[in-house]
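Novice: Generate a structure from the sequence data that follows.
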Amino acid sequence: MRNKVKQFRVRQDLTQEQLADALGVSRQTIIAIESNKYLPSLGLVFKIARQFDLPIEDIFIYDGDNSHDN
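Specialist: Residues are numbered from 1 along each chain as shown. As a prediction, this is how the structure comes out:
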């Protein structure tokens, strides 16, 4: 899954620290989310969508199942 968190954060003129504070997470969490190294929990996904006043689907892009496990 990819995301546009950084794009929307910059549009709102927020620093990573400001976004982290608004969401109640660490700046390191925002860095990891923006670099697609961390998949946030569903609760955090909803918080992010509310922060940007956008549908989840506008922020998070599902790339399909890349898993090869059955």
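Novice: which helices and strands does the longest helix along the chain pack with?
Specialist: For the chain, the helix reaching the highest residue count under DSSP state H is reported as helix 42-52. Taking 3 or more CB pairs under 8 Å, 6 or more residues apart in numbering; DSSP states H and E as contact, the helices and strands that helix 42-52 lies on are helix 16-23, helix 56-59. Just so you know, the C-beta spots here come from the backbone N, C-alpha and C atoms, and that holds for glycine as well.
Novice: make it 6 Å
Specialist: With contacts defined as 3 or more CB pairs under 6 Å, 6 or more residues apart in numbering; DSSP states H and E, the secondary structure elements packing on helix 42-52 are helix 56-59.
Novice: what's the helix it packs on in contact with?
Specialist: Around helix 56-59, the neighbours that count as contacts under CB atoms under 6 Å, 6 or more residues apart in numbering are 3, 4, 45, 49.
Novice: from the residues you listed, which is closest to residue 22?
Specialist: In terms of CB to CB, no member of those lies closer to residue 22 than residue 49, at 12.7 Å.
Novice: and that closest one, what does it touch?
Specialist: Listed by CB under 6 Å, 6+ apart, the contact partners of residue 49 are 56, 59.
Novice: ok, residue 52 touching residue 8?
Specialist: Yes. With contact defined as CB atoms under 6 Å, residue 52 reaches residue 8; the gap is 4.6 Å.
Novice: ok, back up a step: any quick PyMOL command for the buried ones out of the contacts of helix 56-59?
Specialist: Here is the PyMOL command that picks out the buried ones among the contacts of helix 56-59, judged by 16 or more other CB atoms under 10 Å:
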select buried, resi 3+45+49
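Novice: Low-confidence stretches in this structure?
Specialist: Confidence mapping of the chain against pLDDT under 70 gives the ranges 65-70.
Novice: on that earlier part again, just the CA trace of the longest helix of the chain, in PDB.
Specialist: Below are the C-alpha coordinates for helix 42-52, written out as PDB (Å, rounded to 0.1, in the frame of the first residue of the first chain):
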ATOM      1  CA  LEU A  42      -6.800   1.300  10.900                       C
ATOM      2  CA  GLY A  43      -7.400   3.700  13.800                       C
ATOM      3  CA  LEU A  44      -4.500   5.900  12.700                       C
ATOM      4  CA  VAL A  45      -5.600   5.700   9.100                       C
ATOM      5  CA  PHE A  46      -9.000   7.200  10.100                       C
ATOM      6  CA  LYS A  47      -7.200   9.900  12.200                       C
ATOM      7  CA  ILE A  48      -5.100  10.900   9.200                       C
ATOM      8  CA  ALA A  49      -8.100  11.000   6.900                       C
ATOM      9  CA  ARG A  50     -10.000  13.200   9.400                       C
ATOM     10  CA  GLN A  51      -6.900  15.500   9.800                       C
ATOM     11  CA  PHE A  52      -6.900  16.100   6.100                       C
END
